[in-house]
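Student: The following block contains a protein sequence and its predicted model.
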Amino acid sequence: MIEKQESITAKLCLFARAYHSGADSQSPKIFDDYLSFDLMGRSEYEEIGQLIENDFDSAKYDENRWFRYSNIKDVLYKYILPIPLSRLSFAEHALADFAEAHDGKIQYVICGAGMDSFAFRNTNKNIRIFEIDHPDTQAYKKQRIKELEWTVPQNLTFVPVEFSKDNLKDRLLQSGFDTTLPTFTAILGVSYYLTLPVFEETLRIILELTSEGSCVIFDFPDDSTFSERQSELNPRVKELAEVTKRLGEPMLHGFSVEEIKGALERHSMFIDRHEGPEEIQKKYFSNRKDDLKAYENVHFIVAEKTM
């Protein structure tokens, strides 16, 4: 069963990547994480599939049966696939551009890395990768890597952080983080569950460590998320919020673009790249022949540090 300290929404995102890479017959792929199913494993993949099939009621899990794709497809396409697939495509394209601009000699910090597979798909050995996550999550990932008999890349460093006890800055420095190298930091799927002051504090800690020209990438729900008009026009936005609340991970706030811009400016950052709902729809979903479409309230941002 899913452990309490593990994020269920993170596992749903991993399931989305695994499903899209393997079982989704539509092409082209929005983001092909071809290692995600292996990292997840058949048993956990089945467990999350049943969770979706059982209307997100984990108590109904039955290890003696398989879920049916036909029973979950509508929920997958409407609620679960759009954000993680488009978000990772956006992130890794932005990372590639950043690496190219710095001749590949960069650091990539992944906050809440979970079962991210980039380090094992990456071919640029000059990119130093730091995966930050809870010690239990990293222990589970390391066990999966061992079971799969994969070799941990030399440019990958696991940074276990228990945020209630540990100092993120200290843990990164102890892990060999170089404050002089250009750094690309991913904070994906996090802002949905934070207030703006807490999100700003996360930015502050990261920016204390990084050099001028470094970038932070994140996604956020806009201020229409909890509005009555959004609920009427696009009910799945409210419905997704209700699902995450039932899973014990409630979305707390939506932010206006101006609020995000102000928060970044307070920390000497500017928006380098911004994709809103219309841009995301056009870029990732317009050529699809299925029912996948961008969420009406989600934005992607790359921000650059100026000093």
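Tutor: Thanks, I have it.
Student: where does Lys4 land on pLDDT?
Tutor: At Lys4, the model reports a pLDDT of 38.
Student: Let me know the outermost residue of this structure.
Tutor: What lies farthest from the middle of the chain is Asn64; by CA atoms, centre = their mean that is 31.0 Å.
Student: Doesn't it belong to a strand?
Tutor: No - Asn64 is assigned coil when assessed by DSSP: H, G, I helix; E, B strand; the rest coil, not a strand.
Student: Start the count at 19 instead of 1 going forward.
Tutor: In the new count, where the first residue is 19, that last one comes out as Asn82.
Student: now it: how far from Glu65?
Tutor: Taking CB to CB, to the nearest Å as the measure, Asn82 and Glu65 are separated by 13 Å. Backbone N, C-alpha and C define where each C-beta goes, glycine included.
Student: next one: Ala259
Tutor: Distance, Ala259 to Glu65, by CB to CB: 23 Å.
Student: any idea which residue sits dead centre in the chain?
Tutor: With distances taken as CA atoms, centre = their mean, Leu206 lies nearest the centre of the chain, 3.9 Å away.
Student: does that one really touch Val234, like I thought?
Tutor: No - Leu206 is not in contact with Val234 according to CB atoms under 8 Å; the separation is 10.5 Å.
Student: what's the burial count for Asp241?
Tutor: Using other CB atoms under 10 Å, Asp241 is surrounded by 17 other residues.
Student: And the pLDDT for it?
Tutor: In this model, Asp241 is scored at 89, pLDDT.
Student: This protein: helices as residue ranges?
Tutor: Remark: helices assigned in the chain by DSSP state H are 26-40, 54-58, 60-71, 87-93, 100-119, 136-139, 153-166, 186-192, 214-227, 246-251, 253-264, 275-283, 295-298.
Student: what residues are up against Arg222?
Tutor: His285 (CB atoms under 8 Å, 6 or more residues apart in numbering).
Student: Ok, Tyr211 next?
Tutor: 267-270.
Student: Among those, name the buried ones.
Tutor: For the contacts of Tyr211, a burial check counting by 16 or more other CB atoms under 10 Å picks out 267, 269-270.
Student: any idea how far Tyr210 is from the closest residue to Phe85 other than its chain neighbours?
Tutor: Excluding its sequence neighbours, the residue lying closest to Phe85 (CB to CB, 6 or more residues apart in numbering) is Gly67, at 3.7 Å. Distance check for Gly67 against Tyr210: by CB to CB, it reads 23 Å.
Student: And this structure, what are its domain boundaries?
Tutor: Under automatic domain parsing, the residue ranges defining each domain of the chain are 26-98, 119-323.
Student: Give me the distance between the two termini of the shortest one.
Tutor: This means domain 26-98. Domain 26-98 has an end-to-end distance of 12 Å (CA to CA, to the nearest Å).
Student: just the last one next, same as before
Tutor: The distance separating the two terminal residues of domain 119-323, taken as CA to CA, comes to 15 Å.
Student: Check the offset of that domain from the chain's centre.
Tutor: 5 Å (CA atoms, centre = their mean, to the nearest Å).
Student: Against which helices or strands is the worst-scoring helix or strand of the chain on mean pLDDT packed?
Tutor: Using mean pLDDT, DSSP states H and E, the weakest-scoring helix or strand in the chain turns out to be helix 246-251, at a mean of 76. Using 3 or more CB pairs under 8 Å, 6 or more residues apart in numbering; DSSP states H and E, the elements in contact with helix 246-251 are helix 253-264.
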